[in-house]
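A.B. asks: below is the structure, and that's it, no one-letter string:
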């Protein structure tokens, strides 16, 4: 039997299994769901074994567990592929906004509705089912496969870096594919070629020891809120260029080919403005909105705090003013070098009459960019093209996924996003759903991917 | 008997009466003390009658009451003097920081300790006692006197403007003296020649409809917190000059004589910095720190609010950013004209990609400046010089006292501050106290003031 026939024949059972999986409220953020996350891990390990994977195990971390399994009988001349995904989910609150209960999944309109259906239970079940189909029909896989599923992605994977370091041998692979990922749209695949990095900081400006009466002291000493405004303002030009010396130094300029690839992806600026509600696009001069969103570094103020924030007037001269700042980075910027550059700028531009301190905040990620012509990318693109009947868009994302760089750091391998969710599926929101035709298409795509990888 | 002899002889009784007055917890800010404020008003009316004043009455307002009384038998050729003060007090919390309970006044070290002892129960009792001494000894006063005591000064006198307008005839006077006021230091009197005005506003900058993910949208549309910083920063030069076109237009320049008078008042800049904790003085170039504090208009940011203000990192692109701003104004600036100038600046300098709105906030006051050579000022200075044995400093204050301008607007008369508190007496703080020698000196000074006014 061809694996495709097996997939077609077993599809109803697979959907029932996904429903069963989604029923487990494996919310990693909530202490009361610790046992549910564990239960989901055990479900995954059992499902891997049922699919024919070997050595399926629930492995401990300092927090929620990891599940690993493998099938390594393709031969030493075949590549080893690591497949990543996660079985924990976002909290489902507010429950009252769900059409059907988040942990009592329902099928409506060809979609499965429930928390985690799309992010990432549907996604991570797909490669397991593809492997089952191949093992049940051909009795073997075209490549060696390792599975690596975690239970803490939705809380930032705090225990994953030490886990990956400790189990590097067990995770060793030639290529990594993430089953947590998006396609561009139903009918249009994509390959995500780059993710931005992140560095987070807080700028604190101080003058007086305590808040003072602005009538008695205004004009006598500096106002830290005004000084913060002027110092923050100096980080960017009026037209949106980051003016911190050295900020752009390590940025690899976009090649003409990269700009052309970005321009190939349709972008409706009017629709984007309507969606965000912003009056106009804005950012670094010389780049299209999509280039700025995808491929240029940014400096954003995430929050401001100073003095009186209640209703009406309080005539206070604040003692201090604070700004939260994050920069999104692109290859080959380093979070530490960017922080140093901003620190030097703050020191050089601190207004008179105040002190300014720049503190690094938690949350850092290196930018992640697939090397041009990376083998796994090419093969993934080929598999997607076959399954979808059209070539994938080459896209990038402004978000940061620290696990991608952890895997790169420890294993020395770039991960390719190979997932079948879509950004309209209410990920992290009420009424999350997963398209059942994408669930099915994804199984075929993973099987084709493994075939292509084995044929190489 | 000379009035001074009467004052000397009755001083112990006066102190006991002040203690009795301070015992009434007439906290205007707290609903549970409404009856106590009323009781204080009745105490004042009775005390005025006991002193020999006529027509003492508790008069209703929309909130806490007013007490009026008069003695108008000096003759039509003598001036009529209105004496102002207030019988309400600040809340006393936190009680545990008081050495003795706030409403169980105690004498220690020649000081009376209790809430309101200095602000303003001791102060407003002084002129009543001076009038009593003159009426009991001479049987008459050298001038016509009206008393005008209120019970809502500590909550901003919300019902006073309509009251003053409605009772303008009853308050009509040639001169006004405020018994709520400060002397420079024990042994050094002052005449406060000017108070700053106030205008309050909020600057709101908006871009997206809601807070967005800074990774997905940073670089695509403007960041309102950064735009607010740049717009705020444009209101002032790096060296502290307000750069809003027209801001200084109506300011009456300081004359050489005024600058000399300000320079005559000792100012220890190092001590000022040590007191505030600021690293350096800072403000409008070309003026001394004291000139800026007393006699130059200011623009201060009182608060900043935007996006994420909790601990750590939240990668949000805020939908809006807000700044609270107040300007302190000097003669002859108008709050409305300054607001219009800033509104025009905001409109002209609004960064691209955002909208900016300037909203007026409650709290406005015209600047208050005694006309140079004002008659009442000269006589007050003469009385202080006699009593203290040295000439008063001519000072100004950065604070705003709206009632001064209400009285000026409705009655057409400038009020002279003629009070005997000091700014180290823990006004509005735990362990408020009043110096009993200032209490006594003040009585003599008020009697001398009335004599001088009658001799004119």
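C.D. replies: Happy to help now that I have it. All figures in this text were calculated on a predicted structure; none of them were measured in a lab.

A.B. asks: residues contacting the residue in the stretch 301-450 of chain A that chain B sits nearest to?
C.D. replies: Distances between the stretch 301-450 of chain A and chain B by C-beta to the nearest C-beta are smallest at residue A:353, namely 3.0 Å. Quick note: C-beta positions are derived from backbone N, CA and C, even for glycine. Applying C-beta atoms under 8 Å, 6 or more residues apart in numbering or on different chains to residue A:353 gives the contacts A:207, A:221-222, A:227, B:240, B:278-282.

A.B. asks: as TSV, the residues you listed with pLDDT and neighbour count would be great.
C.D. replies: Output for the contacts of residue A:353, formatted as TSV (pLDDT from 0 to 100; neighbours: other C-beta atoms under 10 Å in any protein chain shown):
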residue	pLDDT	neighbour count
A:207	97	28
A:221	97	26
A:222	98	24
A:227	98	26
B:240	96	22
B:278	96	25
B:279	96	16
B:280	97	13
B:281	97	20
B:282	97	22
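
A.B. asks: take these and keep only those in helices.
C.D. replies: residue A:227 (DSSP state H).

A.B. asks: which residue comes closest to residue A:70 once chain neighbours are left out?
C.D. replies: Once flanking residues are discounted, residue A:70 sits nearest to residue A:146: 4.6 Å by C-beta to C-beta, 6 or more residues apart in numbering or on different chains.

A.B. asks: any idea how far the helix or strand harbouring the one you found is from the chain center?
C.D. replies: Per DSSP states H and E, residue A:146 falls inside strand A:144-150. A distance of 19 Å separates the centroid of the chain from that of strand A:144-150, by C-alpha atoms, centre = their mean, to the nearest Å.

A.B. asks: residues touching it, excluding its own?
C.D. replies: A:41, A:44, A:48, A:53, A:56, A:64, A:66-75, A:78-88, A:124, A:127-128, A:131, A:157, A:160, A:170-173, A:403, A:450.

A.B. asks: now do the buried residues in it.
C.D. replies: Within strand A:144-150, the residues that count as buried by 16 or more other C-beta atoms under 10 Å in any protein chain shown are A:144-150.

A.B. asks: follow-up on the earlier one: now the residue nearest to residue A:70: how far from residue A:31?
C.D. replies: 31 Å (C-beta to C-beta, to the nearest Å).

A.B. asks: residue A:56 should be in a strand, yeah?
C.D. replies: Yes - applying DSSP: H, G, I helix; E, B strand; the rest coil, one finds residue A:56 inside a strand.

A.B. asks: could you count how many residues lie near it?
C.D. replies: A count of nearby residues for residue A:56, using other C-beta atoms under 10 Å in any protein chain shown, gives 19.

A.B. asks: check contacts around the nearest residue to residue A:351 once chain neighbours are set aside.
C.D. replies: Computed as C-beta to C-beta, 6+ apart, the closest residue to residue A:351 that is not its neighbour in sequence is residue A:227, at 4.3 Å. Counting by C-beta under 8 Å, 6+ apart, residue A:227 makes contact with A:205, A:207, A:321, A:350-351, A:353-354, A:356.

A.B. asks: do the same with residue A:454
C.D. replies: The neighbourhood of residue A:454, defined by C-beta under 8 Å, 6+ apart, consists of A:74, A:78-79, A:141-143.

A.B. asks: of those residues, just the buried ones, PyMOL syntax please.
C.D. replies: Of these, the buried ones can be selected in PyMOL as follows, counting by 16+ other C-beta under 10 Å:
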select buried, chain A and resi 74+78+79+141+142+143
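
A.B. asks: now for the contacts of residue A:454: which two are most distant?
C.D. replies: Using C-beta to C-beta, the pair of those lying farthest apart is A:79 and A:141, separated by 11.1 Å.

A.B. asks: which secondary structure element of chain A has the lowest mean pLDDT?
C.D. replies: Using mean pLDDT, DSSP states H and E, the weakest-scoring helix or strand in chain A turns out to be helix A:402-411, at a mean of 82.
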